[in-house]
Every structure is written in structure tokens, then in C-alpha cells.
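> coords please:
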Amino acid sequence: MMHGISMRSAWNQGVALLFGDRRTAAIYLGLALVIPFLLFSIHDGSNFRTFFALIADQGVFAASSETPWTILSLFLFSSIAYVGVAFAWWNAVLPASRDGVIGEVMYGLVAALISVIIAFAMYVTINLPFALMMAMVATAIESGSISPLPMLVIGLLNAMALLWFNARLCMAGPAMAATGGLNPFPALARSWRLTGQAQWRIFFYLLLFQLIGLGVMALFITAGVGLIVGTYDFGWQDRVITLGWMLVELALMALYLIVSGGLYRELANDTDVTAFE
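Numbering: from 1, shown residues only. Model (predicted):
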């Protein structure tokens, strides 16, 4: 039964999915490393020197040929690549039959583009009421009529709302890839049904791994900034940061695939995934 799902079982199923077929895992984890690295190599910030210089010293960044919008666009395309790899891997391991690596990658990139657009629209929709409330509260704080505490409360409620919607809709990607479809709305509906009875267990399960990911990224960025702060001569620091990013990226991508794939298998419980089409 759905309310009797086991998070330990979900984790074990995810590990089995990822490492049960080591060749497929190597292909898609390798793509998750190579595609963003190639995107960054097009520009002067190929080894993230510009990104860390921006954080460590604005003067270093000003001397670079990169612009903030260039960096943001590279991260956006990298994010689409990551999501595309996830879709391709789900499409490889969740359906009963495979279309081959080329077909899976092409499907993954198209599905990722659609999903990123839908996710952005939903993000704006969820955040808009909170943004309006925060703007009103900020005006009141500036006038001195209230304390800053309501701003903190609204911010926490906003974060909770985003995390809760993420928990309810987190299975849309795997559900979509399991059928090979490109219509996200039936998959969103299926995710809403699958996560309904165990939503708070899923909420805290995902929150745990999100906090782990944020902690790892914060540690990596702090270490990277510490390596280059005060120096304009990027030598061994550049190589260390690049190697460190590749290892962090590999670990976080593997973690994401394990959590998402295993949770879908546990929730779907081998039911007919084509039923919602």
C-alpha cells in the first residue's frame, strides 16, 4: 500500500537501479560531467575561475571578459543538461524496453526543456503571493510601523511551500520518462496521486538530501573562494577547483538519480505506468 512505503526500501531500489547496470550509469554520469564542462570551456571561465573570482573579489571579475549574464546563461544551460541527463537515465531504466542511448539522450534534452519551462512558471506562480506580501511588509518595516519578524515568517512559509510542492510533484519527471511521453501534465497529475498519502514522509526524505546537497555545495564554494582570494594568478588553484567540482558534481548527480529513481519505484510499486496516459 502507498501509505506503507519504506524510505530504506526506496533508497535500496535507487542504488540497485543506478548500479545494477554499471554501463548505463557510467554513460549518463559521464554525460553529466562532460556536457556542462564543454559549455563552460567555450568561455574564459572554463574552469570556474570567473565564478569564484566574482564571489571572492569584484575587481578580479571586472578584469575578466565574462559578464554576469554570460555566467548565468552558462549555468542555465548546464542545468538543462543535468535535467536532460536525468530524463535520459529515467527513460533508460524505468520502462520495460529501451530505445538506445541516442534516442534516450534526445528524449532527455527535449523533456528537460519542457520541464524547465513548466517548473519556472510554477515557481513564479508559487512565489508571487509571498513576494507581494514581502513587498508590503518591507514598506511597513521601512516606515518603522512593524518589526522585521513578519518578513522572516513569510520567508519561512515561502520556503515551506516550495519544498512541499516539490515533494508532491517530484515524481513527475520519472513518471513522464517511464512512458516516454512529452506531455508533462498527466505526469504531474500522477505524481500528485503517488505522493498523496505519504507526502510528509517524502517531504522530510527529500529535505534531508537537499540539505546534504546544499551543505556540500556551500563547503565547495567556501573552499574554492579560499583558494583564490587575494590572488590574480590562477594556476594550481584552477585545476584543484575543477577537479573538486567534477567530484562534487558526480556525487550529487548520482545521489539525485538514486533518490528519484528509487522513490518512484517504491511509490509506483510496479503498477502499469501507461495507465495515466
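
> contacting residues around Leu113?
Contacts for Leu113 (Cβ atoms under 8 Å, 6 or more residues apart in numbering) come out as 80, 84. (Glycine included, C-beta is placed from N, CA and C.)

> check which helix or strand covers it.
If you go by DSSP states H and E, Leu113 is part of helix 101-143.

> which secondary structure elements does the helix or strand following that helix contact?
Next helix or strand after helix 101-143 toward the C-terminus (DSSP H and E): helix 149-169. If contacts are counted by 3 or more Cβ pairs under 8 Å, 6 or more residues apart in numbering; DSSP states H and E, helix 149-169 sits against helix 101-143, helix 184-194, helix 199-228.

> tell me the angle of the second one relative to helix 101-143?
Okay, so that is helix 184-194. 70 degrees (axes from the mean of the first three to the mean of the last three Cα atoms, to 10 degrees).

> And for the last one?
For helix 199-228 and helix 101-143, the angle between their directions (the same axes, to 10 degrees) works out to 90 degrees.

> and the next helix or strand after helix 199-228, what other elements does it pack with?
Going down the chain from helix 199-228, the next helix or strand is helix 236-268, by DSSP H and E. On a contact count with 3+ Cβ pairs under 8 Å, 6+ apart, helix 236-268 meets helix 7-20, helix 22-41, helix 49-56, helix 68-93, helix 172-179, helix 184-194, helix 199-228.

> Let me know the angle separating helix 236-268 from helix 184-194.
Using the same axes, to 10 degrees, the inter-axis angle of helix 236-268 relative to helix 184-194 is 70 degrees.

> contacting residues around stretch 19-27?
By Cβ under 8 Å, 6+ apart, the list of residues contacting stretch 19-27 reads 18, 89, 92-93, 101, 254, 257.

> How far away from the center of its chain is that stretch?
21 Å (Cα atoms, centre = their mean, to the nearest Å).

> go on, stretch 126-135?
That offset, for stretch 126-135, works out to 23 Å (Cα atoms, centre = their mean).

> Check stretch 115-131 too.
The answer for stretch 115-131 is 15 Å, by Cα atoms, centre = their mean.

> please renumber so the chain begins at 45
In the new numbering, first residue 45, that becomes stretch 159-175.

> Between the helices and strands packed on helix 193-213, which one is closest to Tyr308.
With Cβ to Cβ as the measure, helix 228-238 is the member of those nearest Tyr308 (7.9 Å).

> about what we covered before: tell me which of the helices and strands packed on helix 280-312 is the most buried.
Comparing those by mean neighbour count (mean count of other Cβ atoms under 10 Å), helix 216-223 comes out on top with a mean of 25.

> tell me what it is packed against?
In terms of contacts (3+ Cβ pairs under 8 Å, 6+ apart), helix 216-223 is packed against helix 112-137, helix 145-187, helix 228-238, helix 280-312.

> sorry, back to before: nearest to Ile161, of the helices and strands packed on helix 280-312?
Comparing the helices and strands packed on helix 280-312 by Cβ to Cβ, helix 228-238 comes nearest, at 9.1 Å.

> Just the angle for that closest one relative to helix 193-213, thanks.
Using the same axes, to 10 degrees, helix 228-238 lies at 100 degrees relative to helix 193-213.

> Could you quantify the relative orientation of helix 228-238 and helix 216-223 as an angle?
110 degrees.

> packing partners for helix 228-238?
Checking 3+ Cβ pairs under 8 Å, 6+ apart, helix 228-238 ends up next to helix 145-187, helix 193-213, helix 216-223, helix 280-312.

> what mean pLDDT would you report for that helix?
Helix 228-238 carries an average pLDDT of 95.

> got the CA positions of that helix in CSV?
Output of helix 228-238 as CSV, limited to C-alpha atoms (Å, rounded to 0.1, in the frame of the first residue of the first chain):
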residue,chain,number,x,y,z
PRO,A,228,4.1,17.0,-18.5
PHE,A,229,0.6,17.5,-17.2
PRO,A,230,-0.5,13.8,-16.9
ALA,A,231,2.8,13.1,-15.3
LEU,A,232,2.2,16.0,-12.8
ALA,A,233,-1.2,14.5,-12.0
ARG,A,234,0.3,11.1,-11.5
SER,A,235,3.0,12.5,-9.2
TRP,A,236,0.3,14.2,-7.2
ARG,A,237,-1.6,10.9,-6.7
LEU,A,238,1.5,8.8,-6.0
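
> Right, I'll call it a day here.
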